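Asker: heads up, no residue letters with this:
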């Protein structure tokens, strides 16, 4: 079955409304609200980490901070040394969507075939966190790089445990949970960090996830696609609308091996911003409410056509259509946080319609290819 899901972010803060908008998905996810920041909120348990004026700072000048960091490190070491690791309390993460996920699933009578969660990956996280007062990226200081990797690993373990429990209860299969590691800056990081070291850090986090593992890349993955195919993951998620020729540039043997071993691609075909729907040239008109954005919504036929063009690239590599579709996931290009025009509330209404079109597209693809 082709699953449909989202990347995470939404333009509003009403978690109940967002969950209403996710009811048609075959693979619902816990959303990120407008006021939330993934880079900070998942990692705010790290002592000394602060978010100011759009910057993530690990401030070593704070009173007792070095002692607090040492105690935190020792706690992480103890957690990993236990035969039965213990979770963080989910209430330590101010993520309303995660905290309300159980209620949504218990009240949802729709057909659910999987659930999804997401967490910011250690490489992008360490790239943006500045250590002060030394003014260095935490990635450039080994002890802090290791701290972020181990913290991310434990956070992933906590979310994985929760999602597996929810999947077992509401989907009747604990292996129906997938956690995506979001690495939006991976291509940039790999210009400064060798691939072997980067793979080691990612694998430290990935091995804490017992369910299905995915990696989501916001940007062009052409330069890092083969690197991703070598990782111990089940899903590669990317913006297939902006980068439709990606599959052409991936190593044929690696793609075939990945698919044969049960891997799949999450293709970001659904528009995720007002600009991707109406075009940059019409944004001012949209802001002035001079055009109806619903007139620009994609049809299922247009999304199927986009998919078939990508499918042809798999076929040209000698890969069977059914193997591609077997573990296919359809997603938006990226998050929906930019849908604030003309208002966030009206933007969220469009998000709901886009997700419904996405779900209908998945079912139409199945019908067209007799699956």
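Answerer: Structure's in. What do you need? None of these values were measured; they are calculated from a predicted model.

Asker: how about the strands in the stretch 151-300 of the chain?
Answerer: Secondary structure of the stretch 151-300 of the chain (DSSP state E, counting those that start in this stretch): strands located at 177-182, 212-217, 235-238, 264-270.

Asker: Adding mean neighbour count and distance to residue 371, write these out as JSON lines.
Answerer: Every residue, glycine included, has its C-beta placed from N, CA and C. Formatted as JSON lines, the strands of the stretch 151-300 of the chain follow (neighbours: other CB atoms under 10 Å; distance: least, CB to CB, whole Å):
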{"stretch": "strand 177-182", "mean neighbour count": "26", "distance to residue 371": "20"}
{"stretch": "strand 212-217", "mean neighbour count": "24", "distance to residue 371": "20"}
{"stretch": "strand 235-238", "mean neighbour count": "26", "distance to residue 371": "18"}
{"stretch": "strand 264-270", "mean neighbour count": "25", "distance to residue 371": "14"}
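
Asker: Now residue 92: closest residue in space, sequence neighbours ignored.
Answerer: Sequence neighbours aside, residue 45 is the residue nearest to residue 92 in space, at 5.6 Å (criterion: CB to CB, 6 or more residues apart in numbering).

Asker: neighbours around that neighbour, how many?
Answerer: Close neighbours of residue 45, defined as other CB atoms under 10 Å, add up to 16.

Asker: Surely it is within a strand?
Answerer: No: counting by DSSP: H, G, I helix; E, B strand; the rest coil, residue 45 is not part of a strand but coil.

Asker: Pretty sure residue 88 is one of the things it touches, is it not?
Answerer: Yes: between residue 45 and residue 88 there is a contact under CB atoms under 8 Å: 6.7 Å.

Asker: Find the residues that touch each one of those two.
Answerer: By the contact definition CB atoms under 8 Å, 6 or more residues apart in numbering, residue 45 and residue 88 are jointly contacted by residue 155.

Asker: What helices and strands are in contact with the helix or strand bottoming out on mean pLDDT in the chain?
Answerer: Ranking every helix and strand in the chain by mean pLDDT, DSSP states H and E puts helix 65-81 at the bottom, with a mean of 87. The elements that helix 65-81 packs onto, with contact taken as 3 or more CB pairs under 8 Å, 6 or more residues apart in numbering; DSSP states H and E, are helix 142-170.

Asker: between the helix it packs on and strand 212-217, how many degrees?
Answerer: 130 degrees (axes from the mean of the first three to the mean of the last three CA atoms, to 10 degrees).

Asker: Counting by contacts, list what helix 142-170 packs against.
Answerer: Using 3+ CB pairs under 8 Å, 6+ apart, the elements in contact with helix 142-170 are helix 65-81, helix 101-106, strand 115-120, helix 122-128, strand 129-132, strand 177-182, helix 195-206.

Asker: Select, out of the ones you listed, the one closest to residue 317.
Answerer: helix 195-206 (22.9 Å; CB to CB).

Asker: sec struct for residue 36, please.
Answerer: Put simply, residue 36 is coil when judged by three-state DSSP.

Asker: Leaving out the residues flanking it, which one is nearest to it?
Answerer: Closest residue to residue 36 apart from its sequence neighbours, by CB to CB, 6+ apart: residue 95 at 6.3 Å.

Asker: Distance-wise, check the one you found relative to residue 358.
Answerer: 24 Å (CB to CB, to the nearest Å).

Asker: wait, what's in contact with the closest residue to residue 1 other than its chain neighbours?
Answerer: The shortest distance from residue 1 to any residue other than its chain neighbours is 5.7 Å, reached at residue 113 (CB to CB, 6+ apart). Residues near residue 113 by CB under 8 Å, 6+ apart: 1, 3, 26, 27, 171, 176.

Asker: Was I right to think residue 365 contacts residue 301?
Answerer: No: in this structure residue 365 lies outside contact range of residue 301 using CB under 8 Å: 11.1 Å.

Asker: So between those two, which is more surrounded?
Answerer: Counted by other CB under 10 Å, residue 365 and residue 301 do not tie: residue 365 has more neighbours, with 20 against 10.

Asker: buried ones in stretch 63-74?
Answerer: Residues 69, 72, 73 are the ones in stretch 63-74 that count as buried (16 or more other CB atoms under 10 Å).

Asker: Mind listing residues that contact that stretch?
Answerer: The contact list for stretch 63-74 (CB under 8 Å, 6+ apart) reads 45, 46, 47, 48, 59, 60, 147, 150, 151.
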